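S.K.: structure here, sequence nowhere to be found:
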């Protein structure tokens, strides 16, 4: 019986995701290829987050974003500062 329940549960979840995906993609995120404005919050004070420093310095993001896009890198001393600006 538990195995049957798991199958129905997976089917229900899959169906829900399938039906809601078009609504999520139609929320006004723009069209493919349009320039975007992106703000990256990072903490450059320890080794694991140096990727933000490298991306900012070498502007590696230009290779992956549409032409005309802008990226602003904001240094934050605490994670709460980054979370606060996400709203």
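M.R.: Noted; the coordinates are in hand. Because the structure is a prediction, the values reported are computed rather than measured.
S.K.: got the phi/psi numbers for the residue nearest to residue 68 when sequence neighbours are not counted?
M.R.: Excluding its sequence neighbours, the residue lying closest to residue 68 (C-beta to C-beta, 6 or more residues apart in numbering) is residue 35, at 3.4 Å. Just so you know, the C-beta spots here come from the backbone N, C-alpha and C atoms, and that holds for glycine as well. Dihedral angles of residue 35 (phi, psi; degrees, to the nearest 10) stand at phi -60, psi 150.
S.K.: can I assume residue 35 is in contact with residue 71?
M.R.: No. Contact between residue 35 and residue 71 fails when scored by C-beta atoms under 8 Å: they sit 10.8 Å apart.
S.K.: joint contacts of these two?
M.R.: Residues touching both residue 35 and residue 71 by C-beta atoms under 8 Å, 6 or more residues apart in numbering: residue 65.
S.K.: what about those two, which has more around it?
M.R.: More neighbours surround residue 71 than the other of residue 35 and residue 71, with 16 against 11 (other C-beta atoms under 10 Å).
S.K.: so which helix or strand takes in that one?
M.R.: In the assignment (DSSP states H and E), residue 71 maps to strand 70-75.
S.K.: likewise residue 53?
M.R.: Using DSSP H and E, residue 53 falls within helix 50-58.
S.K.: all strands for the protein, in order.
M.R.: For the chain, the strands defined by DSSP state E cover 37-42, 70-75.
S.K.: sheet partners, orientation included, of the first one?
M.R.: Okay, so that is strand 37-42. Applying DSSP bridges, strand 37-42 is found paired with strand 70-75 (parallel).
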